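>>> Structural data only, the sequence is not supplied:
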């Protein structure tokens with residue numbers, strides 16, 4: 001059974017960088033043609049796809065967030081990470097790490113609330 005778990009600060013100050021890590025268990029992030037994805041949901045809004053890092057290390061980002069987003073991985077720890085720079089209160093959201101496969105998202109972390117506030 002694949003499990004994903006987000007970790008990172010719950011409070012970030014405006015203009016700083018938000019950093020989250022997703023630890024994956026039950027499967028390797030380097031095999032299986034999977035796309036390891038970050039998705040967020042702001043209060044009162046729908047899900048927003050932020051970007052992904054594929055099993056081969058290639059990355060893809062949402063055009064609206066590309067200039068502020070970086071997704072990386074640590075294969076020795078079976079983790080992948082999100083960095084979102086220059087945050088504003090509009091980046092307040094629940095952030096999810098997700099496994100994508102064959103145009104669907106099949107395993108989700110429980111989500112972590114991040115609030116941007118001074």
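Happy to help now that I have it. Predicted model, so just to flag it, every value in this text is computed and none were measured.

>>> can you pull out the strands in this structure?
Applying DSSP state E to the chain gives strands spanning 3-7, 11-12, 18-25, 35-41, 47-54, 59-61, 69-74, 79-84, 93-101, 104-108, 112-116.

>>> Can you lay out those as JSON lines showing mean pLDDT and mean neighbour count?
Just so you know, the C-beta spots here come from the backbone N, C-alpha and C atoms, and that holds for glycine as well. Formatted as JSON lines, the strands of the chain follow (pLDDT from 0 to 100; neighbours: other CB atoms under 10 Å):
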{"stretch": "strand 3-7", "mean pLDDT": "98", "mean neighbour count": "17"}
{"stretch": "strand 11-12", "mean pLDDT": "98", "mean neighbour count": "16"}
{"stretch": "strand 18-25", "mean pLDDT": "98", "mean neighbour count": "19"}
{"stretch": "strand 35-41", "mean pLDDT": "97", "mean neighbour count": "22"}
{"stretch": "strand 47-54", "mean pLDDT": "96", "mean neighbour count": "18"}
{"stretch": "strand 59-61", "mean pLDDT": "97", "mean neighbour count": "16"}
{"stretch": "strand 69-74", "mean pLDDT": "98", "mean neighbour count": "17"}
{"stretch": "strand 79-84", "mean pLDDT": "98", "mean neighbour count": "21"}
{"stretch": "strand 93-101", "mean pLDDT": "96", "mean neighbour count": "21"}
{"stretch": "strand 104-108", "mean pLDDT": "94", "mean neighbour count": "13"}
{"stretch": "strand 112-116", "mean pLDDT": "98", "mean neighbour count": "17"}
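
>>> Report the central residue of the protein.
Nearest to the mean C-alpha position of the chain, counting by CA atoms, centre = their mean, stands residue 38 at 2.8 Å.

>>> Just to check, it is in contact with residue 95?
Yes: counting by CB atoms under 8 Å, residue 38 touches residue 95, with 6.6 Å between them.
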